[in-house]
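1. Sequence plus predicted model, see below.
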Amino acid sequence: MSLQRTAADQSVRADLRRLRELGPLTHCITNLVAAGFTANVLLALGASPAMVLAAEEAADFAAAADGLLINVGTVTSDDVAAMTAAARSAQSAGTPWVLDPVAVGRLPYRTRLVDELLRYDPTVIRGNASEILSLAGGAGGGKGPDSTADSSQAISGARALARRTGGVVAVSGAVDYVTDGDQTLEVPGGHMLLTKVTGTGCALGAVMAAFLAATDTALSAAVSASAVFAAAGERAAELAQGPGGMATALLDSLYLL
Amino acid sequence: MSLQRTAADQSVRADLRRLRELGPLTHCITNLVAAGFTANVLLALGASPAMVLAAEEAADFAAAADGLLINVGTVTSDDVAAMTAAARSAQSAGTPWVLDPVAVGRLPYRTRLVDELLRYDPTVIRGNASEILSLAGGAGGGKGPDSTADSSQAISGARALARRTGGVVAVSGAVDYVTDGDQTLEVPGGHMLLTKVTGTGCALGAVMAAFLAATDTALSAAVSASAVFAAAGERAAELAQGPGGMATALLDSLYLL
Amino acid sequence: MSLQRTAADQSVRADLRRLRELGPLTHCITNLVAAGFTANVLLALGASPAMVLAAEEAADFAAAADGLLINVGTVTSDDVAAMTAAARSAQSAGTPWVLDPVAVGRLPYRTRLVDELLRYDPTVIRGNASEILSLAGGAGGGKGPDSTADSSQAISGARALARRTGGVVAVSGAVDYVTDGDQTLEVPGGHMLLTKVTGTGCALGAVMAAFLAATDTALSAAVSASAVFAAAGERAAELAQGPGGMATALLDSLYLL
């Protein structure tokens, strides 16, 4: 196992500067719990969020967007057509895209959907340890949307998954791990209070989709997104009394970074 | 009418401690206005929220969850199948569940849905005075989702409804009343500013669903949830300038209780 | 071009006082990103929000409401029936209503829907410059939901659209312009930080729907809504460090105005 420290802060800063110059149009098909917070995170960071959810529109929009996020958190049968159309369109148009397989392995319906979506070559797969372990063929088995495993336990599963899919895999947790199957980078510093704010993981997936337009490699995009999120989270935690203040301060910190 | 003061704070504290130890997986099928805030309230309190909305998944998930909330606030025809399947599954699996009949009696479509859901024996029914009066066979008739009656006016209706359904009924208002048909307890202290934050009543229903896993009786669950919410609300109101700060401070207070 | 300054603050204040006395029931069929924030904005201001989304309920509710907002931001095929039924019902019942044609002209599906909705005579059309230009027959062509034009560039388009539809047209931007085709009023002062909080434009549309119940003309409703929003935004921006604090302070400021 060749675990490396993250690249110097210098490159994260350059990526963030580039993201702000571009203001990437980031198409999000995400769950209804996290939708508002995700849009606010992208706006605070300097990206341009757009939630286009109709099956009749999702393919067109995904083809024109700078990045796409598909998050299956509260998927319904209506969303399936939109998600599938958007993923297929992103693949053929060359739009980089992030798959967030919330609670995969836990429920057959979404597990089948995620299997289908994997056929459209997600650029990045972002999940917690249970989700990544489940996709890698392990037991996984989180409790609802929360992981029952530590992120470090999913490193080798993440590598195997990255090699199998040809994409980058990011495991979120107290420490985030990002791998393209060869290199594996760690991003420390995810503050505990982030786990008490709903949708932070979902929003991180959207931030990765935004960074994909601003970096040379998908690995850099996922690492810079994680590093920016962790830095904003630490700064926010110094100001917050609890999860209410944390959500507010996280948005302010992302804006002020 | 035998109105009693709520049980000593001691038991509320013990219930909250137990909830935090358990971190109950709380399945919420709720309206899209309150979904994010509800998840944040549950996380702040120490529960584990999960919104699983597809008809294809809701029954499985409800059977495995520690508690279930069904809130019909923004129900669409797609939700009906998921709600019905989840309620039926909760009943047969023994998952305790809370029904929040938003604006029942006001619109025929949801009124029929609520009638159907009542067949699956909700453990707790939580509503405002207009909603409880409507279910109890009275006029009810709130103005949209807001009550036009004072919570105290619905006490006898709540008792009759509890006796008829065999469940606990909670009427929310400036003072909350909770009854199992025999005992009726009152929980004072709901701060006015709580009515200026959207989804606080909906979130309280979810908190009741979480407490059902941590208490011996449904009556205790509903009372402890109301008491915790009222205490956090009072604390938050001391810090808040208005409803924006109130929402933030409420989450912080629930976390710090 | 006869551009006039907005009416004296006096009439805005009188309109706001009237709105608070009435507490208008404001029916919102809006996008899932902005739904929670929109409800909080209406509550903070003193209106009574209600999101009723089912096609089976929307027409009944729109007929009884004091005002209606239809926002097509995240429209899906299920919403189309509800939106169309609500608009038709509002027209025939005399409920004043606001159309927010998010990203119209950018995607054929919603463009056709907006064309259909225009047949039901919206009292106010509120959009950004790209959206209004697109409806007025110009190029429009925003980048996703964001405008690529300055609001002042859409003034003559807005006038033409108002004359063609017989409704009031409001163009939002750094300066807001409101016109009934004859008179055109400007409302300065939209703070830049408002563009970093998701759903502020959408919420402004809902505020216009609430004001329609409290003013003599639709022009006054749109102007008072814009002026109140701009004033609250400026006040909030003095208190906020970034977009997180801005959202909180905006709600507090709307409440305290």
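-> Okay, I see it. Residues are numbered from 1 along each chain as shown, chains lettered A, B, ... in the order given.
2. Tell me where the model's unsure across chain A.
-> A:1-10, A:138-144 (pLDDT under 70).
3. switch the cut-off to 50
-> For chain A, residues meeting the criterion pLDDT under 50 lie at A:1-5.
4. Which residues of it lie near chain C?
-> Within chain A, the residues that sit near chain C (C-beta under 8 Å from any C-beta of the partner chain) are A:25, A:27, A:32, A:35-36, A:39-40, A:43-44, A:48-57, A:60-61, A:65, A:78, A:82, A:247-256. Where C-beta positions appear, they are placed from N, C-alpha and C, glycine not excepted.
5. so which of those are also by chain B?
-> Applying C-beta under 8 Å from any C-beta to the residues of chain A next to chain C, those adjacent to chain B are A:32, A:35-36, A:78, A:247-248.
6. Just the residues you listed: which are in helices?
-> A:35-36, A:78, A:247-248 (DSSP state H).
7. Quick check on these: which are buried?
-> With neighbours counted by 16 or more other C-beta atoms under 10 Å in any protein chain shown, those contain buried members at A:35-36, A:78, A:247-248.
8. Taking those, tell me the two that lie furthest apart.
-> A:78 and A:248 (32.5 Å; C-beta to C-beta).
9. Show me where chain A has its strands.
-> Per DSSP state E, chain A carries strands over the ranges A:3-5, A:25-29, A:48-50, A:67-71, A:97-100, A:124-128, A:168-172, A:176-179, A:184-187.
10. Turn the ones you listed into TSV, columns for mean neighbour count and distance to residue B:136.
-> As requested, these are exported to TSV (neighbours: other C-beta atoms under 10 Å in any protein chain shown; distance: least, C-beta to C-beta, whole Å):
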stretch	mean neighbour count	distance to residue B:136
strand A:3-5	10	63
strand A:25-29	28	42
strand A:48-50	24	45
strand A:67-71	30	41
strand A:97-100	30	44
strand A:124-128	29	44
strand A:168-172	30	47
strand A:176-179	26	52
strand A:184-187	21	56
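11. how about JSON lines for the ones you listed, with distance to residue C:73 added?
-> JSON lines is the format used below for the strands of chain A (distance: least, C-beta to C-beta, whole Å):
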{"stretch": "strand A:3-5", "distance to residue C:73": "42"}
{"stretch": "strand A:25-29", "distance to residue C:73": "12"}
{"stretch": "strand A:48-50", "distance to residue C:73": "9"}
{"stretch": "strand A:67-71", "distance to residue C:73": "17"}
{"stretch": "strand A:97-100", "distance to residue C:73": "21"}
{"stretch": "strand A:124-128", "distance to residue C:73": "25"}
{"stretch": "strand A:168-172", "distance to residue C:73": "28"}
{"stretch": "strand A:176-179", "distance to residue C:73": "31"}
{"stretch": "strand A:184-187", "distance to residue C:73": "33"}
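12. which one of these lies closest to residue C:103?
-> Comparing the strands of chain A by C-beta to C-beta, strand A:48-50 comes nearest, at 7.5 Å.
13. roughly how far apart are the residue minimising distance to the centre of chain A and residue A:212?
-> Taking C-alpha atoms, centre = their mean, the centroid of chain A lies closest to residue A:205, which sits 1.7 Å from it. For residue A:205, the distance to residue A:212 equals 11 Å [C-beta to C-beta, to the nearest Å].
14. same deal with residue A:98?
-> The spacing between residue A:98 and residue A:212, counted by C-beta to C-beta, is 7 Å.
15. what residues do those two have in common as contacts?
-> Common neighbours of residue A:98 and residue A:212 (criterion: C-beta atoms under 8 Å, 6 or more residues apart in numbering or on different chains): A:67, A:123-124.
16. who does the longest helix seen in chain A touch, helix- and strand-wise?
-> In chain A, taking DSSP H as the definition, the longest helix is helix A:218-239. If contacts are counted by 3 or more C-beta pairs under 8 Å, 6 or more residues apart in numbering or on different chains; DSSP states H and E, helix A:218-239 sits against helix A:9-22, strand A:124-128, strand A:168-172, strand A:176-179, strand A:184-187, helix A:200-211, helix A:243-256.
17. Could you export those as a markdown table, including distance to residue C:185?
-> Output for these, formatted as a markdown table (distance: least, C-beta to C-beta, whole Å):
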| stretch | distance to residue C:185 |
| --- | --- |
| helix A:9-22 | 35 |
| strand A:124-128 | 47 |
| strand A:168-172 | 49 |
| strand A:176-179 | 51 |
| strand A:184-187 | 51 |
| helix A:200-211 | 37 |
| helix A:243-256 | 32 |
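18. Identify whichever of these lies nearest to residue B:171.
-> helix A:243-256 (26.8 Å).
19. Tell me how far that closest one lies from the chain's centre.
-> In terms of C-alpha atoms, centre = their mean, to the nearest Å, the centre of helix A:243-256 is found 18 Å from the chain centre.
20. Go through it and flag the buried ones.
-> A:243-255.
21. Which elements pack onto it?
-> Looks like helix A:243-256 contacts helix A:35-45, helix A:218-239, helix B:35-45, helix B:243-256, helix C:243-256 (3+ C-beta pairs under 8 Å, 6+ apart).
22. will you turn those into CSV that also has distance to residue B:220?
-> Below are the helices and strands packed on helix A:243-256 laid out as CSV (distance: least, C-beta to C-beta, whole Å):
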stretch, distance to residue B:220
helix A:35-45, 33
helix A:218-239, 34
helix B:35-45, 16
helix B:243-256, 18
helix C:243-256, 34
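23. picking up where we left off before, quick one, the longest helix of chain A and strand A:67-71 angle?
-> 70 degrees (axes from the mean of the first three to the mean of the last three C-alpha atoms, to 10 degrees).
24. any idea how far helix A:218-239 is from the chain center?
-> 12 Å.
25. ditto for stretch A:249-257
-> Distance of stretch A:249-257 from the chain centroid (C-alpha atoms, centre = their mean) equals 18 Å.
26. So which bits of stretch A:148-161 are buried?
-> Neighbour-count burial for stretch A:148-161 flags A:149, A:151, A:153-155, A:157-161 (criterion: 16+ other C-beta under 10 Å).
27. Could you single out the nearest of the residues you listed to residue B:197?
-> Ranked by distance to residue B:197 (C-beta to C-beta), the buried residues of stretch A:148-161 are led by residue A:151 at 34.2 Å.
28. how close does the residue lying closest to that closest one once chain neighbours are set aside get to chain B?
-> Closest residue to residue A:151 apart from its sequence neighbours, by C-beta to C-beta, 6 or more residues apart in numbering or on different chains: residue A:173 at 2.7 Å. Residue A:173 sits 16 Å away from chain B, going by C-beta to the nearest C-beta, to the nearest Å.
29. Run a quick check on residue A:173 versus residue A:155, I expect a contact.
-> No: applying C-beta atoms under 8 Å, one finds residue A:173 not in contact with residue A:155, separated by 10.5 Å.
30. Chain B contacts on the stretch 101-250 of chain A?
-> A:103, A:107-110, A:143-146, A:195-199, A:240-245, A:247-248.
31. Just the buried ones from the residues you listed?
-> By 16+ other C-beta under 10 Å, these give A:103, A:107, A:109-110, A:143-146, A:195-199, A:240-245, A:247-248 as buried.
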